[in-house]
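Asks: Quick check, what structure comes out for this input:
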Amino acid sequence: MNKFSLKEYIELLENEGLLVKTEGCEDVLEREVNLLSYNSKEVKEDTLFVVKGVSFKDEYLKEAIENGVFAYISEKEYDVKCPYILVTDIRRALSCTAAMYFNYPGEVLNVIGVGGTKGKSTTTYYIKSILDEYSKANNKKETAVISSIDTYDGVECFESHITTPESYDIHRHFYNALNSGMENLVMEVSSQALKIERVPDVFFDIGIFMNISEDHISPIEHPDFQDYYESKLKMFKNTKNAIVNMDADLASNTLAVARRDSARVFTFSMKTKDTDFYAYDIRKDGFNTIFKVHTPSFDEEFILTMPGLFNVENALAAIATAWIMDIPVEYIKHGLEIARSSGRMEVFHTKDMKIIILVDYAHNKLSFEKLFSSTKEEYPDRRIVAIFGCPGKKALLRRKDLGTIAGQNSDFVYIVAEDPGAEPVIDISNDIAQYVKQYTSNYALIEERGEAIEDAVLKAEQEDKPTIILLTGKGRETRQKYGTEYLPCISDVEYTEKFLAEYDARHE
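Replies: Numbering: from 1, shown residues only. Predicted structure coming up:
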């Protein structure tokens, strides 16, 4: 990896219009930066340190200087003896310096960004599955991924905490992927990442806008829907080929912004043929979904083995992406048919089929609406049991939205813990319950998710009518956020497999 001098970083910040002033840098201008970092625990000799975070303390910087920092970038001066660079916007500064530090790997990778309120993860993994099938056939490396579920870049592989990481970490993943021989990277792009400048130096070969619905409205996220929506639209400014879902709310406005800001724009729909890609003849065959798609160059039938009629929408976005990338249709077909997204629409059932548990990450209004409507259509003769919670201190409107939707559409509702953070679980649960009980008295507040899943299975066992349990929010995650820590926990999938196996053992 090429190394740059402190002078070159200063010139970059000046060219970006971020530089306010430098102090004490004259004697170290030609010094090469061995490491760029914003983590005071990871510095080493010849580190250029980026001071970021509202809770950053002077002692962190003093410790970092002792361990090898020779200059720092900040929005304010600190009472330490060290050369510094003052900037107007530390987040923008971190982004552009990180891109340079890692030698602009995103300019070589094919980067695909997936934005929207619902469907980002599933679409991401549909695209990855298609590209992986094509790469395998051509003896190339698999596709890197940055998602709310997990991250894999050829070097690092881990369960994700957030949808889109900090800008420095994004460029690190790009660098790792490129140096691992990967050509493609697909990533989820959150509204927060766009709002707080995590991706201003990420340029998308393809950028997908799935949909928009009110979410992430809170004092620590977006103050209102307009801010949330406008943040999502920012992705188009850095997009070469934009893909827009014309079935989504505000589609006409979204399309207009895409046409203004992106080089090329493509559209898709499940409702109208007046788009570049449209699906028709959608039908169920057991757990599978079969549908036809018309594109500018072919008209073919596809099969999804992941349940959920709404996944046709996600598949359309993936098909459009693959078409833009000139992937032959046979790889698109096979990739979609075998595609899986860990913790997304995973179906488990007892041997006698009396109980089906559908594990999904659905966690907002739009995803809940589509999950329940699809469940009623696909499983019309079953009791519906919902198990879910809401996070602490953020996305506060979800409590009303999810409580209302679950109360209206469920035969029984369990309200459980779901990353409560610093807020007491009982307070969150009571907040949700006030909306559930407007529609049903059949609900319970049980903090421990495993206890709720077990109770739901035992009660379903006693019912004459078969049951489908919608277990949402955590999927295969093995950590739960309490306070500021992510504590180990048993995943929803592991609980599901355990209690269904116990049911089967009782009925042998």
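Asks: what residues are up against the residue lying closest to residue 2 once chain neighbours are set aside?
Replies: Residue nearest to residue 2 in three dimensions, not counting chain neighbours: residue 103, with 5.5 Å by Cβ to Cβ, 6 or more residues apart in numbering. For every residue, glycine as well, the C-beta is placed using N, CA and C. Shown in contact with residue 103 (Cβ atoms under 8 Å, 6 or more residues apart in numbering): 1-2, 175.
Asks: which residues in the stretch 151-300 of the chain form helices?
Replies: In the stretch 151-300 of the chain, the helices defined using DSSP state H, counting those that start in this stretch lie at 167-179, 191-195, 225-233, 251-261.
Asks: on contacts alone, who are the packing partners of the longest strand seen in the chain?
Replies: If you go by DSSP state E, the chain has its longest strand at strand 277-285. Packing partners of strand 277-285 (3 or more Cβ pairs under 8 Å, 6 or more residues apart in numbering; DSSP states H and E): strand 264-269, strand 288-294, helix 311-324.
Asks: Point out the most buried one among the ones you listed.
Replies: Neighbour counts (mean count of other Cβ atoms under 10 Å) averaged over each of the helices and strands packed on strand 277-285 peak at helix 311-324, with a mean of 26.
Asks: picking that back up, nearest to residue 257, out of the helices and strands packed on strand 277-285?
Replies: Of all the helices and strands packed on strand 277-285, it is strand 264-269 that lies closest to residue 257, at 9.8 Å by Cβ to Cβ.
Asks: in the lengthiest helix in the chain, what counts as buried?
Replies: Secondary structure assigned by DSSP state H gives helix 120-137 as the longest helix of the chain. Using 16 or more other Cβ atoms under 10 Å as the test for burial, helix 120-137 gives 120-135.
Asks: closest to residue 345 among those residues?
Replies: residue 122 (7.3 Å).
Asks: so what's the residue nearest to the closest one when sequence neighbours are not counted up against?
Replies: Excluding its sequence neighbours, the residue lying closest to residue 122 (Cβ to Cβ, 6+ apart) is residue 314, at 4.5 Å. For residue 314, the contact set (Cβ under 8 Å, 6+ apart) comprises 119, 122-123, 126, 210.
Asks: Over to residue 430?
Replies: Here residue 430 is in contact with residue 445 (Cβ under 8 Å, 6+ apart).
Asks: Check what pLDDT residue 190 gets.
Replies: Looking at residue 190, its pLDDT is 93.
Asks: Could you report the separation of the residue nearest to it when sequence neighbours are not counted from residue 14?
Replies: The shortest distance from residue 190 to any non-neighbouring residue, by Cβ to Cβ, 6+ apart, is to residue 163 (4.0 Å). As judged by Cβ to Cβ, to the nearest Å, residue 163 and residue 14 stand 32 Å apart.
Asks: more crowded one of these two?
Replies: residue 163 (19 against 14; other Cβ atoms under 10 Å).
Asks: Which of the helices of the stretch 151-300 of the chain has the highest mean neighbour count?
Replies: helix 167-179 (a mean of 23).
Asks: for that one, packing partners?
Replies: Helix 167-179 packs on helix 90-101, strand 144-146, strand 184-188, going by 3+ Cβ pairs under 8 Å, 6+ apart.
Asks: can you pull the contacts of the closest residue to residue 108 other than its chain neighbours?
Replies: Spatial nearest neighbour of residue 108, chain neighbours left out: residue 178 (5.7 Å); criterion: Cβ to Cβ, 6+ apart. By Cβ under 8 Å, 6+ apart, residue 178 lies in contact with 105, 108-109.
Asks: Among those residues, name the buried ones.
Replies: 105, 109.
Asks: would a markdown table of the contacts of residue 178 with secondary structure and distance to residue 409 be doable?
Replies: Below are the contacts of residue 178 laid out as a markdown table (DSSP: H, G, I helix; E, B strand; the rest coil; distance: Cβ to Cβ, whole Å):
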| residue | secondary structure | distance to residue 409 |
| --- | --- | --- |
| 105 | helix | 46 |
| 108 | coil | 47 |
| 109 | coil | 42 |
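Asks: and of the contacts of residue 178, the nearest to residue 395?
Replies: The closest of the contacts of residue 178, once distances to residue 395 are taken by Cβ to Cβ, is residue 109, at 31.2 Å.
Asks: where does the closest one land on pLDDT?
Replies: Note on residue 109: pLDDT of 97.
Asks: do the same with residue 343
Replies: Residue 343 is assigned 65 on the pLDDT scale.
Asks: sorry, back to before: for residue 384, find the nearest of the helices of the stretch 151-300 of the chain.
Replies: helix 225-233 (28.8 Å).
Asks: How far away from the center of its chain is the closest one?
Replies: Distance of helix 225-233 from the chain centroid (Cα atoms, centre = their mean, to the nearest Å) equals 16 Å.
Asks: what is the orientation angle of that helix with helix 251-261?
Replies: 40 degrees (axes from the mean of the first three to the mean of the last three Cα atoms, to 10 degrees).
Asks: Where does the prediction get shaky in this structure?
Replies: Counting by pLDDT under 70, the chain contains low-confidence ranges at 343.
Asks: Show me how this structure divides into domains.
Replies: By the assignment in automatic domain parsing, the chain contains the domains 6-101, 105-338, 346-506.
Asks: neighbouring contacts of stretch 432-450?
Replies: 387, 389-390, 399-400, 402-404, 406-408, 410-418, 425-426, 429-430, 452, 455, 474, 489-490, 492, 495.
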